[in-house]
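# My questions concern the predicted model and sequence given below.
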Amino acid sequence: MRLILLGPPGAGKGTQAKILVETYGIPQLSTGDILRSAIAARTPMGLAAKEIMDRGDLVPDHVVNGIVSERLDKDDCAKGFVLDGFPRTIPQAEALDGMLTDKGMSLDAVVEITADADVLVSRIANRAKESGVARGDDNEEVVRYRLNVYREQTAPLVEFYRGKGLLRSVDGMEAVDTVTEAIRHAVHG
Ligand code: ADP
């Protein structure tokens, strides 16, 4: 199963990706998590990415494209994967197409998790409070900025993948279990 989860920050991509990992025994490829690990490990890539991420902007396409291409070559991706947070721009989606073609892989579905912007701002504020982990980009001002970045740079992917016949949309405002069921249905028809 090769899936992409698409949706604004706070829509529940990470939560649903972890459930898909359990259900299908496939890895979650989260570019956000990989970048945060690089920051924690103080690698040159992490140091360069930190400032960009903290202000809510996107890390350059060539950086994340490189991360994903390398990750897709690992053995655990042979059975499939769930991409969470990538692609986030049309050039990233085009790069992914090229990578998958080169590696002889194809996508099964792109699941869009839709959500209401105001609810997202409060969800992310709660996530920041509950986890107690300070994520530099989880304060309200940066979240609103990230939502704009999503609208401008990532939302066009909905039409991109609709055009390829891969898009499925689920309502991310429902309870976690309901969303999981909707994804199951969207993927299996
Ligand atoms: P969320 O799902 O809450 O938006 P992520 O963990 O997916 O958070 O991403 C956090 C930040 O990491 C983004 O705001 C961006 O700076 C960077 N990032 C993650 N994935 C990408 C990507 N595919 N392209 C560019 N930047 C990315």
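Happy to help now that I have it.

# can you list the residues of this protein near the ligand?
9-10, 13, 31-32, 35, 52-53, 56-59, 64, 85-86, 88, 92, 137, 146 (Cβ under 6 Å from any ligand atom). (C-beta placed from N, C-alpha, C; glycine too.)

# do that again at 5 Å, thanks
9, 31-32, 53, 58-59, 64, 85-86, 88 (Cβ under 5 Å from any ligand atom).

# Out of the residues you listed, name the two that are farthest from one another.
Pro9 and Val64 (15.6 Å; Cβ to Cβ).

# Flag every buried residue along the lowest-mean-pLDDT helix or strand in the chain.
Within the chain, no helix or strand scores below helix 117-131, which has a mean of 83 by mean pLDDT, DSSP states H and E. Residues of helix 117-131 classed as buried: 120-121, 123-124, 127-128 (neighbour count, 16 or more other Cβ atoms under 10 Å).

# got the residues of the chain next to the ligand as CSV, with neighbour count, secondary structure and pLDDT columns?
Below are these laid out as CSV (neighbours: other Cβ atoms under 10 Å; DSSP: H, G, I helix; E, B strand; the rest coil; pLDDT from 0 to 100):
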residue, neighbour count, secondary structure, pLDDT
Pro9, 25, coil, 92
Thr31, 23, helix, 97
Gly32, 19, helix, 96
Met53, 20, helix, 96
Leu58, 18, coil, 98
Val59, 19, coil, 98
Val64, 24, helix, 97
Gly85, 24, coil, 96
Phe86, 23, coil, 98
Arg88, 20, coil, 98
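
# Next up, the contacts around the closest residue to the ligand within the chain.
Nearest residue of the chain to the ligand, counting by Cβ to the nearest ligand atom: Gly32, 1.9 Å away. By Cβ atoms under 8 Å, 6 or more residues apart in numbering, the residues touching Gly32 are 84-85.

# Mind doing that once more with 6 Å?
Contacts here follow Cβ atoms under 6 Å, 6 or more residues apart in numbering; on that basis Gly32 touches Gly85.

# go on, Asp97?
Residues near Asp97 by Cβ under 6 Å, 6+ apart: none.

# Reduced to three states, what does it come out as?
Assigned with DSSP: H, G, I helix; E, B strand; the rest coil, Asp97 falls in the helix class.

# ok, now the one 10 residues further on?
Following three-state DSSP, we place Leu107 in the coil state.

# before we move on, what about the one 3 residues further on?
What three-state DSSP gives for Val110 is strand.

# coming back round to it: wait, which of the residues of the chain next to the ligand is closest to Ser106?
For the residues of the chain next to the ligand, the closest approach to Ser106 (Cβ to Cβ) belongs to Phe86, at 16.5 Å.
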